[in-house]
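*Asks:* sequence plus predicted model, see below.
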There are 2 protein chains.
Amino acid sequence: MTEASRSYASHADDFRSGRSSPSALLEVQLSLIGRREPDVRAFVCMDVQAARAEALLSDARWRDGKPLSPIDGMAIAVKDIIETARMPTGQGSPLWTGFETRRDSASVQALRDAGVIMLGKSTTTEFAATEMFASTTNPHDPARTPGGSSSGSAAAVGAGFVPLALGSQAVGSTIRPASYCGCVGYKPTYGALNRGGSYDYLSHSCVGLLGRTLEDCWLSARAIAQRVGGDPGHAGLLGPDQLPDARMPRRLVLLETDGWRKASLGARAALEAKAQQLRESGIEVATRHTSPAVRQFEEALGDEPIALAWAIIGWEFRWPLKGSIDRHASLISRSMLSHMADCASMTQEDYGRALARRNALRIAYADLMASFDAAITLSATGAAPVGFTATGHPGFNVPASLLGVPAISLPLLQDEGMPLGLQLIGTSGQDAELFGYANRLSIG
Amino acid sequence: MTEASRSYASHADDFRSGRSSPSALLEVQLSLIGRREPDVRAFVCMDVQAARAEALLSDARWRDGKPLSPIDGMAIAVKDIIETARMPTGQGSPLWTGFETRRDSASVQALRDAGVIMLGKSTTTEFAATEMFASTTNPHDPARTPGGSSSGSAAAVGAGFVPLALGSQAVGSTIRPASYCGCVGYKPTYGALNRGGSYDYLSHSCVGLLGRTLEDCWLSARAIAQRVGGDPGHAGLLGPDQLPDARMPRRLVLLETDGWRKASLGARAALEAKAQQLRESGIEVATRHTSPAVRQFEEALGDEPIALAWAIIGWEFRWPLKGSIDRHASLISRSMLSHMADCASMTQEDYGRALARRNALRIAYADLMASFDAAITLSATGAAPVGFTATGHPGFNVPASLLGVPAISLPLLQDEGMPLGLQLIGTSGQDAELFGYANRLSIG
C-alpha cells in the first residue's frame, strides 16, 4: 500500500505505539502545502498554530490509548460555506469575505468532538453556485480547473495536503471536483448529514466529503452522524463503525444520463471498458440498450435535469440573494445576477410544479432500483477542462442530486492522462450498502 | 369598529386619499410606545429614525396609488431570533447579544419587499426555548408574564405598539403568548413560511405571526409566501390575496389534550361555554365523551406530547448548543445546561424512534380529521400566570406543533379578567380553510 492510498485510520497502531503521531503526519502535510500551495491555492485561510497545538493533544490521547475516534488528530480542510468558530466564512463571495459567524457548523462541531483538526478553509465558487473568484488550480495539471463548487476541498485532497475535506453538493459540487482531482467523493442521501451552520439551504443539498480513501470518508461521515445526526427530521446516516465490508454487486444499471452526449470519447471508452470488466467478473450490467426498464427511466430523466435543478435553485436562492442584490449588486457576479433575473418571474405555483416533477423522478428511480443493487456512470464528462472560465459540465452529477440518493466517485478511470471518477449511485438511505459495493469495486 | 380592532389593511382608502398615512399611524404607535414601553419592555432595540424615513416613502407610494402590497408601511416588531440586516440578533442569550448577522431573514426580506417597516426587535426567551433574561411584562397586567418564547412580539401587539409581530413556534411559542396578551396568533402548517435566516432549525418549528387582527396575520403570511415561499422543498402557504371569506364549520372536534388536567376552572368553563354556544348555532362539536374516534385519538396523544417534543428538541439542539456549552458554559442558562445534560445520552436510534412516534401521531390525527372541519381547544391553561419565573404551561400548544398542522389563537375568551385564546387547529396545508373558519368564529 502506497502512502498516498493509506487511510488516516490505518495509522492507528503506529499512533498508539509512538512510531508515528498526528503531529508527525501534520508536519508532512504542512511541508507539502509549503511546497505546492503557491501553485494549487486550495486554501482561503489556515490556522497552523492552532492545528499544531491540537495535534499535540491528539498525540497524547493516542499514546494514552484514549483517542476520541478512529480519526482523532486528522487535519482537514473545510469548504468556505461551512461555518467555523475560529476562522471566517466567506462563501466564495466578496460580499462575505472575512465574515465571522462565531460558531462551528454541525459537521465541524461533531468532527472536533471526534478529535479532528480544522486546518483551514478551502475555496469555493460564489455561494457554492456560480463563478470562481479564487484562483485554485488542479493539483494534477495547473492549467486545468479543479472543478467546483468544492474546488479547494478537492484540490487539497488531490494534492495530498489533507486526507479529507468537507464539501457540499446541490448540483455536482462534490462528485465532479472529486473526479477532476483524483479523490474519492461522497454525496450522502439527502438529509443524512446535518447541514446546520452552513450557508447551504437548498432543498436537495448535502454535506459532501472528499477523501484520499473510502475509509476516511466513511469514518468521517459516521463521526458526524453519530454526534449531530442528519438534517432536522432525519435520523441521519446509519451503518457500521468501520468501513462496510467489500460486497460484490450482482446487478448494476449503467446510466448514460444527459451527461453521455457531452462526454469525451476517452471518458466513454473508459466507462465502457470498466463495464466490460465488471461483466467479465460475473456482474450483470444493464443499460438502456439491453433493458426496457432502464430505457424507460433514461427517457423519463431526459435532458431536463439540469434545467429542473437550476429552476429549483433559482427560486430557493431568492432568499437571501434578492436582499443582497438590492443592497450590494456590485459585489454579486454577473452570472448570478443573470440567473436571478431569469428566475425573478417564478411563482410559488411554478416552484411547486418543479418539486412535483422532481418527486416523480424519485419515484421512477426507486421503481427501477428495486431490481438492481446500484447504478454506475461517469463522475464527469471527461478530464478536468483546461482553463478557469468554468468548473465543468454537471450532466452526470445532477441526477443523484435531484433524486436525493447517495453517490460515490471512485478515482478508478482516466481521460487525457488525468483522473476520472467512476460514479456509483445507490438508493435513498442505503449509503452503507453503496460503500460496501464501492469497497469491492475499488479492489478491482 | 374600534381603532384597536381595525386591521392595518383597513386604512388603505384613507392612505390613498391622504386622510391618514403610514407615517401618521407610526407616530401613534411611537407615542404609545413612549408612554408604555418603560413598563412593558417588549423591545430589545428599535430603529425609529429608519422607520420614520421608510414610512415617508410608504406615504408617497400610497398617495401615488402604488403601494407595494396591502400592508405597505405597516411598522412591525421582529422576534430576536430572526435576522435583520440593520439590527443585531441576540437570540435572547447573553452569548449573542448585539451580534450582527448582516442579512435579513427570508420573512423580513419578503415583508420589506412588501413595504413593511421593521420598527424593532422583540424580546424572547434564551434561544427561544428556556429562561427569560429580558424583563418583558404582560401589557394587560404588569405583574404577569407575557408568555414565551415570542414574549416581546405578543406584548408589543397586545399593548398596541404594533399591529403585527413576527414570532416562531416549536412548542407553544406563538399560540400561548398570543393567548396571554390578547392577540391573534397564527402558527402555520410546518414548512409553509420560509424560516431561512432565523436561529430556528427544529424539525417542527415555524415562523409564527402575532397580530391585532386575523386579516393582518393572513396578509402578512401571504406576503411572505408569495415572495420567498415556504421552507426549502415546500411550495409555501397558498390561498387568496385577501383574508379568506368567513365560513361556518359544520363539524368540530373539541380536543382536551394533556392541557385539560392543568387548565384552570375558569378556562375550562370558558371553553365549555364557547362549545355550547357553537352547538346552539348548529355546529356539531364532538368530544372524547361523545365520539369514540375522538376518544381514540385523545388516548393516542395521551400525556406524552411534551416529553416527546422535548426529546426531539434535546437532540436537535445538540448543534449548536454543545459547541457553545464547551466554550461558554457560563453564558448558558442553568435550565438549558440541565436539559442538554439530560439529552446527552440520546442516540441517533433514540431520535429516530421519537420521529417515528411523532409520525404515528400525525397519521392518527389525519385519520380523525378526515371527518371534521377543524378542532378547537384552549390556547393556554388559563390566564397568564402571575410572576416571571416561567412562561406558562404548553399542554394545549404541543399537539399542533408536533403534528405540524396550522393553529390560530383567537382572543375570544377570558380567565381571571385576563385574555384567553380559543385555539382552532386545522389539517396540514389547509391554512386558508382554517382562516375561513376563524373569520366566521371571530364574528361571534
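*Replies:* Received the coordinates, thanks.
*Asks:* tell me the centre residue of chain A?
*Replies:* Per Cα atoms, centre = their mean, the C-alpha nearest to the average position across chain A is that of A:Thr174, at 2.6 Å.
*Asks:* that residue and chain B, how far apart?
*Replies:* 19 Å (Cβ to the nearest Cβ, to the nearest Å). Every residue, glycine included, has its C-beta placed from N, CA and C.
*Asks:* got it, and A:Ala170?
*Replies:* Using Cβ to the nearest Cβ, A:Ala170 is found at 10 Å from chain B.
*Asks:* that residue - nearest residue in space that isn't next to it in sequence?
*Replies:* Excluding the flanking residues, the one nearest A:Ala170 by Cβ to Cβ, 6 or more residues apart in numbering or on different chains is A:Ser205, at 3.8 Å.
*Asks:* where's the closest residue to A:Gln109 other than its chain neighbours, which helix or strand?
*Replies:* Nearest residue to A:Gln109, sequence neighbours excluded (Cβ to Cβ, 6+ apart): B:Gly323, at 4.3 Å. For B:Gly323, the element it lies in under DSSP states H and E is helix B:318-328.
*Asks:* which residues sit in contact with the residue nearest to A:Gln109?
*Replies:* The contact partners of B:Gly323, by Cβ atoms under 8 Å, 6 or more residues apart in numbering or on different chains, come to A:Ala85, A:Arg103, A:Asp104, A:Gln109, A:Arg112.
*Asks:* not counting sequence-adjacent ones, nearest residue to A:Asp342?
*Replies:* A:Gly314 is the one closest to A:Asp342 (Cβ to Cβ, 6+ apart), at 6.7 Å.
*Asks:* same deal with A:Ala364?
*Replies:* Of all residues not flanking A:Ala364 in the chain, A:Ala300 sits nearest, at 4.8 Å (Cβ to Cβ, 6+ apart).
*Asks:* is the one you found in a helix, a strand, or coil?
*Replies:* Using DSSP: H, G, I helix; E, B strand; the rest coil, the structure places A:Ala300 in helix.
*Asks:* ok, it - contacts?
*Replies:* A:Ala300 sits next to A:Ala360, A:Leu361, A:Ala364 when contact means Cβ under 8 Å, 6+ apart.
*Asks:* again, only this time at 10 Å
*Replies:* A:Ala360, A:Leu361, A:Ile363, A:Ala364, A:Tyr365, A:Asp367, A:Leu368 (Cβ atoms under 10 Å, 6 or more residues apart in numbering or on different chains).
*Asks:* and A:His328, by the same measure?
*Replies:* A:Ser93, A:Pro94, A:Leu95 are the contacts of A:His328 under Cβ under 10 Å, 6+ apart.
*Asks:* one step back: isn't the residue nearest to the centre of chain A up against A:Val157?
*Replies:* No: A:Thr174 is beyond contact range of A:Val157, at 11.1 Å (criterion: Cβ atoms under 10 Å).
*Asks:* what is in contact with the two at once?
*Replies:* By Cβ under 10 Å, 6+ apart, A:Thr174 and A:Val157 have these common neighbours: A:Ser150, A:Ala165, A:Gly167, A:Cys183, A:Gly185, A:Leu209, A:Leu210.
*Asks:* ok, the residues you listed vs chain B, which is closest?
*Replies:* Comparing the shared contacts of A:Thr174 and A:Val157 against chain B with Cβ to the nearest Cβ picks out A:Leu209 as the nearest, at 17.6 Å.
*Asks:* pLDDT on stretch A:28-38, on average?
*Replies:* Average pLDDT, stretch A:28-38: 98.
*Asks:* how far out from the middle of the chain is it?
*Replies:* 23 Å (Cα atoms, centre = their mean, to the nearest Å).
*Asks:* repeat for stretch A:269-278
*Replies:* Distance, stretch centre to chain centre, for stretch A:269-278: 24 Å (Cα atoms, centre = their mean).
*Asks:* how about that stretch as PDB, C-alpha atoms only?
*Replies:* What follows is stretch A:269-278, C-alpha atoms only, in PDB (Å, rounded to 0.1, in the frame of the first residue of the first chain):
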ATOM      1  CA  ALA A 269     -14.300   4.400 -23.600                       C
ATOM      2  CA  ALA A 270     -13.100   4.300 -20.000                       C
ATOM      3  CA  LEU A 271     -16.700   3.600 -18.700                       C
ATOM      4  CA  GLU A 272     -17.400   1.000 -21.400                       C
ATOM      5  CA  ALA A 273     -14.100  -0.800 -20.600                       C
ATOM      6  CA  LYS A 274     -15.000  -0.700 -16.900                       C
ATOM      7  CA  ALA A 275     -18.500  -2.100 -17.600                       C
ATOM      8  CA  GLN A 276     -16.900  -4.900 -19.700                       C
ATOM      9  CA  GLN A 277     -14.500  -5.700 -16.900                       C
ATOM     10  CA  LEU A 278     -17.400  -5.900 -14.500                       C
END
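*Asks:* show me where pLDDT drops low in chain A?
*Replies:* For chain A, the stretches with pLDDT under 70 are A:1-4, A:444.
*Asks:* next to chain B, which bits of the stretch 151-300 of chain A? Give me the list.
*Replies:* Within the stretch 151-300 of chain A, the residues that sit near chain B (Cβ under 10 Å from any Cβ of the partner chain) are A:190, A:194-197, A:199, A:201-205, A:222, A:225-238.
*Asks:* quick one: buried ones out of the residues you listed?
*Replies:* Buried members of those, counted by 16 or more other Cβ atoms under 10 Å in any protein chain shown: A:190, A:194-197, A:199, A:201-205, A:222, A:225-238.
*Asks:* for the stretch 151-300 of chain A, just list every one of the strands.
*Replies:* A:164-169, A:184-187, A:206-211, A:251-254, A:284-286 (DSSP state E, counting those that start in this stretch).
*Asks:* try the stretch 1-150 of chain A
*Replies:* For the stretch 1-150 of chain A, the strands defined by DSSP E, counting those that start in this stretch cover A:43-46, A:75-79, A:117-122.
*Asks:* I'd like those strands as TSV, with mean neighbour count and distance to chain B appended.
*Replies:* Output for the strands of the stretch 1-150 of chain A, formatted as TSV (neighbours: other Cβ atoms under 10 Å in any protein chain shown; distance: least, Cβ to the nearest Cβ, whole Å):
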stretch	mean neighbour count	distance to chain B
strand A:43-46	20	18
strand A:75-79	30	14
strand A:117-122	27	12
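*Asks:* now render these as a markdown table, adding distance to A:Ala354.
*Replies:* Shown next, in a markdown table, are the strands of the stretch 1-150 of chain A (distance: least, Cβ to Cβ, whole Å):
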| stretch | distance to A:Ala354 |
| --- | --- |
| strand A:43-46 | 33 |
| strand A:75-79 | 26 |
| strand A:117-122 | 31 |
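*Asks:* the contacts of B:Gly323: which two are farthest apart?
*Replies:* For the contacts of B:Gly323, the farthest-apart pair by Cβ to Cβ is A:Arg103 and A:Arg112; their separation is 11.7 Å.
*Asks:* list residues touching both of these two?
*Replies:* Between them, A:Arg103 and A:Arg112 share the contacting residues A:Thr84, A:Ala85, B:Gly323, judged by Cβ under 10 Å, 6+ apart.
*Asks:* verify the stated contact: the second one with A:Val78.
*Replies:* No: under the criterion of Cβ under 10 Å, A:Ala85 makes no contact with A:Val78, lying 11.4 Å away.
*Asks:* how near is A:Arg440 to chain B?
*Replies:* The gap separating A:Arg440 from chain B is 26 Å, by Cβ to the nearest Cβ.
*Asks:* so which helix or strand takes in that residue?
*Replies:* In the assignment (DSSP H and E), A:Arg440 maps to helix A:431-443.
*Asks:* from the chain's centre, how far out does that helix sit?
*Replies:* 16 Å.
*Asks:* what comes up buried for it?
*Replies:* A:Asp431, A:Ala432, A:Glu433, A:Leu434, A:Phe435, A:Gly436, A:Tyr437, A:Ala438, A:Asn439, A:Arg440, A:Leu441, A:Ser442.
*Asks:* over to stretch A:159-178?
*Replies:* Using 16+ other Cβ under 10 Å as the test for burial, stretch A:159-178 gives A:159-178.
*Asks:* point out the residues in the stretch 1-150 of chain A that sit beside chain B.
*Replies:* Residues of the stretch 1-150 of chain A lying close to chain B by Cβ under 10 Å from any Cβ are A:83, A:85, A:95-96, A:99-110, A:112-113.
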